[in-house]
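>>> pasted the sequence and its predicted model underneath.
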Amino acid sequence: MNIPTIRRWACVPLLGCLALMSCEKEIDTYYTEVGGQIPTFLTNALGVNTKYASGEVVTFELQYAQQTSPLRDVRIYQRVEPATDSTLVQTIPYKAAFSKRKNADTLVVAYTVPAGVNKANVRVAAIVTAENGQTKQRAFNFRLAEPTPTIKVNTVTNVTAPAGATPVPGDVVRYNVLLNEGGINSATALTSTGTLYKDLDSLVTYVKVGSAAERRAQRAVRLPAGTAAQTGAQTAVNVDVTIPAGSNGQLVQYRFEAKSRYQNTTPPAAPTIRTATATAAAITPGTATGLATATNVTLTYTGTTGGDLAAYDLTAFAAVPAAGAATSKDVSISSIASNTVQLKALNTTKFAATTAAVYNAATLNSIRQVYQTTAAASQLTTLDNVAVGSVYVARLRNADQYAIFTVTGINRTSATDVTVTLAVKSL
């Protein structure tokens, strides 16, 4: 009777073991991998520009991990507005190219920008496909831009001579040049107003004098000047040129060339250059107007107020008494304090400091050029610490009338008396 009882209890551990074995088998089945893993994109160097021109070659890099299922190919699709469907433009079979530095398989794609209307949005998609049919996609967008700039000469101004005056060698002529008329730098829609242009790169100025060959008048100037971001928008640029020496009596003609970069070869190959040119109307410089022989002028400061010989009229070449009209006092001794001499215009005459070389070769045109090209802040009514040898151009009474003088002597005869002598050249 005891033997069956023992057998019955002995079966309990055995049943428990079978139950545990059944549970373990269910866990293994639940975690079994049933297919290859999907391909994984890592960091990608996709196109970052917001605009390209048709025909340009854009390169971008894909970086990916292969995972469990081998990769089959990379397909490049594009959609060009206003189309709504994408088209296949490249199929690149997979080829391992592992980069130790990037710790990834890499693929550099050279993509040629398609034709399309200006400002059209282009979407480029790269799709990686594994052997198991699974895919991953990366995409970027840009708009189509006009690659060739436009240029025209707006206005021409002689900044060193009055309107209507005959230009002469040494005059500074300002050409206002308009680039990419009606152009915009970016667009948000196909219907945005204006033409979307590639960024302007530089502007070069050429000159041709008489029968001589054309030559570069100015080196290529970055557009815009300085470090501001480059743009394809409409831009007006002032180009100041100096009429060449010895060109009087000959035709002088300036030409302006705007440049934009066009990447029609696979980087890192250098881009080609798209250019536009505008030629200004020719000018015929005249001969500079000479000045009369220098006239000696003496200013005498006496007493505490200066007296009747301290001021001078440079248009009439005559001393102006103390009681005379201030409007006639183009130059005067205004102070002799602290053992220095100060000259001052008591009317609207202003002075610009220059050199002995300019004085020696002075013509009406050359001294006008010196004055007009002097910064406004340096066109002065008061001259401090005047010394022998100092040279100044005077624009008389804010008119197109100029004189140049050098200080030839300063003689202090007493604590309150000073004599200053000038050699003055004018018409």
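Right, received. Where do you want to start?
>>> CA atoms for contacts and neighbours, from now on please.
OK.
>>> then residue 216 would be within a strand, right?
Yes: the assignment for residue 216 is a strand, going by DSSP: H, G, I helix; E, B strand; the rest coil.
>>> was I right about it contacting residue 206?
Yes: here residue 216 reaches residue 206: they are 4.2 Å apart, a contact under C-alpha atoms under 8 Å.
>>> tell me which of these two has more neighbours.
Taking other C-alpha atoms under 10 Å, residue 216 and residue 206 do not tie; residue 206 has more neighbours (17 against 14).
>>> what sits against the more buried one?
Neighbouring residues of residue 206 by C-alpha atoms under 8 Å, 6 or more residues apart in numbering: 214-218, 254-256.
>>> in TSV: those, plus distance to residue 303.
Putting the contacts of residue 206 into TSV (distance: C-alpha to C-alpha, whole Å) gives the following:
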residue	distance to residue 303
214	64
215	62
216	60
217	56
218	56
254	59
255	61
256	61
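>>> what sits closest to the spatially most central residue of the chain if chain neighbours are left out?
In the chain, the C-alpha closest to the average C-alpha coordinate belongs to residue 224, at a distance of 1.8 Å (C-alpha atoms, centre = their mean). Excluding its sequence neighbours, the residue lying closest to residue 224 (C-alpha to C-alpha, 6 or more residues apart in numbering) is residue 230, at 6.2 Å.
>>> how much space separates that neighbour from residue 256?
Plainly put, residue 230 is 19 Å away from residue 256 if you go by C-alpha to C-alpha, to the nearest Å.
>>> of the two, who's got more company?
Here residue 230 and residue 256 are compared on neighbour count by other C-alpha under 10 Å; more neighbours surround residue 256, at 23 against 17.
>>> so the more buried one is in contact with residue 241, correct?
No: with contact defined as C-alpha under 8 Å, residue 256 does not count as touching residue 241 (11.5 Å).
>>> what ranges of the protein fall below the confidence cut-off?
Within the chain, the stretches with pLDDT under 70 are 1-44, 47, 66-68.
>>> so the residue nearest to residue 343 when sequence neighbours are not counted: helix, strand or coil?
Distance criterion C-alpha to C-alpha, 6+ apart; nearest residue to residue 343, sequence neighbours excluded, is residue 333 at 4.7 Å. Classification of residue 333 by three-state DSSP places it in strand.
>>> list the residues that contact residue 333.
Residue 333 makes contact with 299-301, 306, 310-311, 341-344 under the criterion C-alpha under 8 Å, 6+ apart.
>>> switch to 10 Å and redo it
Residue 333 makes contacts with 299-302, 305-306, 309-312, 341-345, 382-383, 418-420, as judged by C-alpha atoms under 10 Å, 6 or more residues apart in numbering.
>>> how about residue 87?
Shown in contact with residue 87 (C-alpha under 10 Å, 6+ apart): 76-80, 124.
>>> buried members of the residues you listed into ChimeraX, please.
Selecting only the buried entries of the contacts of residue 87 in ChimeraX, with 16 or more other C-alpha atoms under 10 Å as the criterion:
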select :76,77,78,79,80,124
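>>> what's the closest of the contacts of residue 87 to residue 369?
residue 80 (56.3 Å; C-alpha to C-alpha).
>>> give me the common contacts of residue 256 and residue 241.
175, 205-207, 217-218.
>>> using TSV, lay out those together with distance to residue 197.
Compiled in TSV, these are given as follows (distance: C-alpha to C-alpha, whole Å):
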residue	distance to residue 197
175	23
205	22
206	24
207	28
217	27
218	25
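>>> filter these to the buried ones?
With neighbours counted by 16+ other C-alpha under 10 Å, those contain buried members at 175, 205-207, 217.
>>> surely the residue nearest to the centre of the chain touches residue 235?
Yes: contact criterion C-alpha atoms under 10 Å: residue 224 and residue 235 qualify, at 8.6 Å.
>>> which neighbours do those two share?
Shared contacts of residue 224 and residue 235 (C-alpha under 10 Å, 6+ apart): residue 200.
>>> residue contacts, the residue nearest to residue 418 when sequence neighbours are not counted?
In space, and not counting its chain neighbours, residue 418 is closest to residue 412: 4.3 Å by C-alpha to C-alpha, 6+ apart. By C-alpha under 10 Å, 6+ apart, the contact set of residue 412 is 300-301, 336, 339-341, 418-420.
>>> how about stretch 372-389: buried residues?
Within stretch 372-389, the residues scored as buried using 16+ other C-alpha under 10 Å are 372, 379, 381-383, 387.
>>> sorry, slip of the keys, the one I care about is stretch 399-419.
Those buried within stretch 399-419 under the rule 16+ other C-alpha under 10 Å are 402-408, 410, 412, 416-419.
>>> pretty sure residue 425 contacts residue 391?
No: between residue 425 and residue 391 there is no contact under C-alpha under 10 Å: 11.2 Å.
>>> quick one: common contacting residues for the two?
In contact with both residue 425 and residue 391: 359, 404-406, using C-alpha under 10 Å, 6+ apart.
>>> which ones among those residues map onto strands?
404-406 (DSSP state E).
>>> distance to residue 148 for those residues - can I get that in JSON lines?
Shown next, in JSON lines, are those (distance: C-alpha to C-alpha, whole Å):
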{"residue": "404", "distance to residue 148": "49"}
{"residue": "405", "distance to residue 148": "52"}
{"residue": "406", "distance to residue 148": "54"}
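>>> which one of the residues you listed is nearest to residue 97?
Looking across these and measuring by C-alpha to C-alpha, the closest to residue 97 is residue 404, at 76.1 Å.
>>> list the contacts of the closest one.
With contact taken as C-alpha under 10 Å, 6+ apart, residue 404 is in contact with 291, 294, 351-354, 358-359, 362-364, 367-368, 391-395, 422-426.
>>> among the residues you listed, name the ones in strands.
351-354, 391-395, 422-426.
>>> which secondary structure element is home to the closest residue to residue 214 other than its chain neighbours?
Nearest residue to residue 214, sequence neighbours excluded (C-alpha to C-alpha, 6+ apart): residue 208, at 4.3 Å. Taking DSSP states H and E as the criterion, residue 208 maps to strand 200-209.
>>> for residue 253, see how far away residue 290 is.
For residue 290, the distance to residue 253 equals 26 Å [C-alpha to C-alpha].
>>> the two: which is more packed in?
The neighbour count for residue 290 versus residue 253, taken as other C-alpha under 10 Å, is higher for residue 253 (18 against 15).
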